[in-house]
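Asks: Build the 3D model from these lines:
(one chain, ligands or ions: 1)
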Amino acid sequence: MNILNMYKNDRTLLSFEVFPPKKTSPIESIYNVLEELCSLKPAYMSVTYGAGGSACDNTCAIASKIKNDYNVEAIAHLTCVNSTKKQVESALNSFKENNIENVLALRGDIVPDLPPKTDFKHASDLTEFIKQIGGFHIAGACYPEVHPDTPDDVADIINLKKKVDAGAEFLISQLFFDNNSFYEFVKRCRLAGINVPIEAGIMPVVNKKQIERMVSLCGASLPSKFSRIMNRYENNPEALRDAGIAYAVDQCVDLIANGVSGIHLYTMNNPYVARKITDSVSSLL
Ligand code: FAD
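Replies: This is a model prediction of the structure:
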């Protein structure tokens, strides 16, 4: 099913992200997690893709399991900066063979000791390429607090418009902890003529280390309310988890009340956290 069609009424969608297990763990190790997450009936689930362009098999297998065994719509992430056109084509063929019709087209991060390949420079190039091949619905990533490689928010919006014009039908945002940054970003998009649905990326706090890592990678700013929680409960994992869930629920309630198209929950493969948040907001959706 084309995920875009799910936005046709005014309700906010709740969707989940999962990532494949580490290379050292068998793929079956994630099946219980998938079963539990799918039982929460998200609108759809997305499956991440390795930055090095080598994780297609696991991404495809997991997206296939979600869609074909658990009957939840799936979107497979696909990065391009470390792939050739041939490799991308081969990944797309695997998706097609597994009935996966939605793809999140990404550039991927540029890794210092892995010089990028030359077939694709930006996600917009990948989007165009997938469009040419045909048979897929395409989404793109966006950054309420500006992508770290971009000089300013104007350039970021101009580049995002190129991605949408190339064929991205809806957007999923990077995580953020201050809803105002998302609302301001959506306003900038609308002013620039970017009119596709934009889902808000929400990452509940699971532990302090994980959040610090994510923030150093993606540059999300930390409101003082959030930092106070981190500092007060950093040595009490259970309290930190509960406060983190409450913070994410608070963000979700405000986003839903403001009529956002969707909330994309970065579940970190944690069904307990996903369930708590889903239970808290499901009557509002
Ligand atoms: P782009 O849209 O190409 O943007 C990258 C930079 O190039 C930006 O600075 C942008 O302003 C600029 N730019 C874009 N288009 C143009 C253009 N046409 N001309 C000039 N400049 C341009 N990474 C993974 O490895 N695997 C994943 O599964 C994954 N999933 C993600 C899911 C979401 C929702 C998000 C938000 C990010 C995800 N990432 C993932 C991280 C992502 O790959 C990185 O943030 C990467 O650095 C940028 O990817 P992009 O698709 O946004 O790139």
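Asks: Please, which helix or strand holds whichever residue of the stretch 151-285 of the chain sits closest to the ligand?
Replies: The nearest approach of the stretch 151-285 of the chain to the ligand comes at N159, 3.5 Å away (CB to the nearest ligand atom). Where you see a C-beta, it was placed from the backbone N, CA and C, and this is true even at glycine. Take DSSP states H and E as the rule and N159 turns out to sit in helix 153-166.
Asks: average model confidence for that helix?
Replies: Averaging pLDDT along helix 153-166 gives 97.
Asks: which other helices and strands contact that helix?
Replies: Applying 3 or more CB pairs under 8 Å, 6 or more residues apart in numbering; DSSP states H and E, we find helix 153-166 packed against helix 123-133, strand 137-142, helix 179-191.
Asks: and the shortest one, which strands flank it?
Replies: Here strand 137-142 is paired, per DSSP bridges, with strand 102-106 (parallel), strand 170-175 (parallel).
Asks: Contacts for it next, please.
Replies: Outside strand 137-142, the residues that touch it by CB atoms under 8 Å, 6 or more residues apart in numbering are 2-4, 75, 101-106, 123, 127, 130-131, 160, 163-164, 167-174, 185, 189, 198.
Asks: picking up where we left off before, can you put the strands paired with strand 137-142 in TSV and add mean neighbour count and distance to the ligand?
Replies: Formatted as TSV, the strands paired with strand 137-142 follow (neighbours: other CB atoms under 10 Å; distance: least, CB to the nearest ligand atom, whole Å):
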stretch	mean neighbour count	distance to the ligand
strand 102-106	24	4
strand 170-175	23	4
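Asks: closest one to S282 among those strands?
Replies: Closest approach to S282 among the strands paired with strand 137-142 (CB to CB): strand 170-175, 20.2 Å.
Asks: Pull the residues that contact that closest one.
Replies: So strand 170-175 is contacted by 3-4, 7, 46, 104, 139-145, 147, 160, 164, 182, 185, 194, 196-203, 214, 218, 220, 261-262, 264, 266 (CB under 8 Å, 6+ apart).
Asks: Just the buried ones out of those, please.
Replies: Neighbour counting over these (16 or more other CB atoms under 10 Å) leaves 3, 7, 46, 104, 139-145, 147, 160, 164, 182, 185, 194, 196-203, 214, 218, 220, 261-262, 264, 266 as the buried ones.
Asks: Let me know the next secondary structure element after the lengthiest helix in the chain.
Replies: Determined from DSSP state H, the single longest helix within the chain is helix 237-257. Following helix 237-257 in sequence order, the next helix or strand is strand 262-266 (DSSP H and E).
Asks: Spell out which residues of the stretch 101-250 of the chain are next to the ligand.
Replies: For the stretch 101-250 of the chain, the residues in contact with the ligand (CB under 6 Å from any ligand atom) are 106-109, 122-124, 141, 147, 149-150, 155-156, 159, 162-163, 172, 174, 201.
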